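1. A predicted structure for the sequence below; I have some questions about it.
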Amino acid sequence: MVSGNTNVADLRKSYEKARLDEHSSDADPLKQFDHWLQEAIRSEIPEPNAMTLATVSKENRPSTRPVLIKGYDERGIVWYTNYESRKGVELSGNPWAALQFHWVELERVVRIEGRVEKISDQESDAYFRSRPHDHRIGAWASPQSQVIANRAVIEKAAAKYSQEYPQDPPRPKNWGGYRLNPELWEFWQGRKSRLHDRLRYKREAGGWRRERLAP
């Protein structure tokens, strides 16, 4: 067994900053999510737009990685990536995925589950044009998730594409956006004595059913 100076089993925190109940929460999960996300942004916590994306391979092996939310509305949650990355390959084989936001400083978690689809080329093109030049070059330079010999491989590729596209790099055809259409939302607010508040919203005909889960 590896042993450090601190026993991780003894690490504990009492959550006492806020509460979540059926009366104060919005009946529409998208509006509730917007309220919490905007509060996280105003709180100036690190990377309030960071979320964990979970996908499943054709061998039924789950994998997770952090991505950044880049849009949300009634159609769903949007992010961008390389279609040939591990997550892109897994989504092509199994379009169901899950997202999680964890705003540690606010003692809050939001979980979202649903079906994923690619957004339109027009939407992806518009977002790609809004990115800084070096970010756009990075999309060309990186064969995301592929094994490379060393860092020099992508640095050389970045230099190559910087020369090829010094002004306005177009969007690579293997790069673009995905949208998760939620079927389930869960909002978690930490509470004292591990008696946390958990509200789940499940899609049903005509709207959403809100229900409380045991912590």
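-> Okay, I see it. Note that the coordinates shown come from a computational prediction; the quantities given were computed from them, not determined experimentally. Residues are numbered from 1 along each chain as shown.
2. to which secondary structure element is Asp34 assigned?
-> Element membership for Asp34 (DSSP states H and E) is helix 29-42.
3. after that helix comes which helix or strand?
-> Following helix 29-42 toward the C-terminus (DSSP H and E): strand 50-56.
4. what is that following strand packed up against?
-> For strand 50-56, the packing partners by 3 or more C-beta pairs under 8 Å, 6 or more residues apart in numbering; DSSP states H and E come out as strand 62-68, strand 76-82, helix 86-93, strand 96-103. Every residue, glycine included, has its C-beta placed from N, CA and C.
5. quick one: low-confidence ranges for the chain?
-> Low-confidence segments of the chain (pLDDT under 70): 1-4.
6. one more pass at 90, please.
-> Scanning the chain for pLDDT under 90 picks out 1-16, 205-206.
7. ok so, going back, and the contacts of the helix holding Asp34?
-> 25-26, 48-49, 69, 72-74, 101, 103, 106, 108, 110, 112, 182, 185, 187, 201, 208, 210 (C-beta atoms under 8 Å, 6 or more residues apart in numbering).
8. tell me the most buried of the helices and strands packed on strand 50-56?
-> strand 76-82 (a mean of 21; mean count of other C-beta atoms under 10 Å).
9. run the angle between the longest strand seen in the chain and strand 50-56 for me.
-> Of all segments of type strand in the chain, defined using DSSP state E, the longest is strand 175-189. Interaxial angle, strand 175-189 versus strand 50-56 (axes from the mean of the first three to the mean of the last three C-alpha atoms, to 10 degrees): 110 degrees.
10. can you list the buried residues in strand 175-189?
-> Trp175, Gly176, Gly177, Tyr178, Arg179, Leu180, Pro182, Trp185, Glu186, Phe187, Trp188, Gln189 (16 or more other C-beta atoms under 10 Å).
11. wait, what's in contact with Tyr50?
-> For residue 50 the amino acid is Ala, not Tyr. Per C-beta under 8 Å, 6+ apart, neighbours of Ala50: Pro66, Val67, Leu68, Ile69, Phe101.
12. which one of these is nearest Ser162?
-> Leu68 (23.2 Å; C-beta to C-beta).
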